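Novice: pasted the sequence and its predicted model underneath.
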Amino acid sequence: MSMVEKQWRFVKMLQQLVEFAEQNGYMLTLGDGYRDPRLHGGPGEKMGYGHPFSCHKLRLAQDYNLFKDGQWLSDTEDFRPLGEFWESLAPDARWGGRFSDGNHFSLEHNGRR
């Protein structure tokens, strides 16, 4: 599978995640998505915040802000229903709640998450 095909699959999975969130009474707003190499360095390069090998740099990760009943939810456990749903979508789907980054949803690529 080419990188663009994997990125397209990721976008379609994000659509499913957003729909699942809405069906379960949550609202999502966008957090970090693509991390531009001019600000964050290329893959493997550490600039600014974030991991040097972040999947954000590959357009394979998205962070969300989570709301329910008008309240902002920021604890990792608040994201668990979404994270477990995300992981159920594909064997390479990774939820950041497994590594102290609860609002992070990604596809693993060459060991990166």
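Specialist: That came through fine. None of these values were measured; they are calculated from a predicted model.
Novice: which parts of this protein are helices?
Specialist: 3-23, 37-40, 80-89 (DSSP state H).
Novice: point out the most buried one among the ones you listed.
Specialist: helix 80-89 (a mean of 17; mean count of other C-beta atoms under 10 Å). In short, each C-beta sits where N, CA and C put it, glycine included.
Novice: and that one, how far from the chain's centre?
Specialist: With C-alpha atoms, centre = their mean, to the nearest Å as the basis, helix 80-89 stands 11 Å off its chain's centre.
Novice: ditto for stretch 73-88
Specialist: 11 Å.
Novice: pLDDT on it, on average?
Specialist: The pLDDT scores in stretch 73-88 average 98.
Novice: quick one: low-confidence ranges for this structure?
Specialist: 41-42, 44-47, 52-53 (pLDDT under 70).
Novice: can I get the helices of the chain in CSV including distance to residue 56?
Specialist: Shown next, in CSV, are the helices of the chain (distance: least, C-beta to C-beta, whole Å):
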stretch, distance to residue 56
helix 3-23, 11
helix 37-40, 8
helix 80-89, 16
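Novice: closest to residue 55 out of those helices?
Specialist: helix 3-23 (8.9 Å; C-beta to C-beta).
Novice: tilt between the closest one and helix 80-89?
Specialist: Interaxial angle, helix 3-23 versus helix 80-89 (axes from the mean of the first three to the mean of the last three C-alpha atoms, to 10 degrees): 140 degrees.
Novice: can you tell me what sits against helix 3-23?
Specialist: When contacts are defined by C-beta atoms under 8 Å, 6 or more residues apart in numbering, helix 3-23 is touched by residues 1, 27-28, 58-60, 62, 66, 82, 85-86, 89-90, 93, 105-107, 109.
Novice: please repeat the previous calculation with a cut-off of 10 Å.
Specialist: Outside helix 3-23, the residues that touch it by C-beta atoms under 10 Å, 6 or more residues apart in numbering are 1-2, 26-28, 33-34, 55, 58-62, 64, 66-68, 79, 81-83, 85-86, 88-90, 92-93, 95, 105-107, 109.
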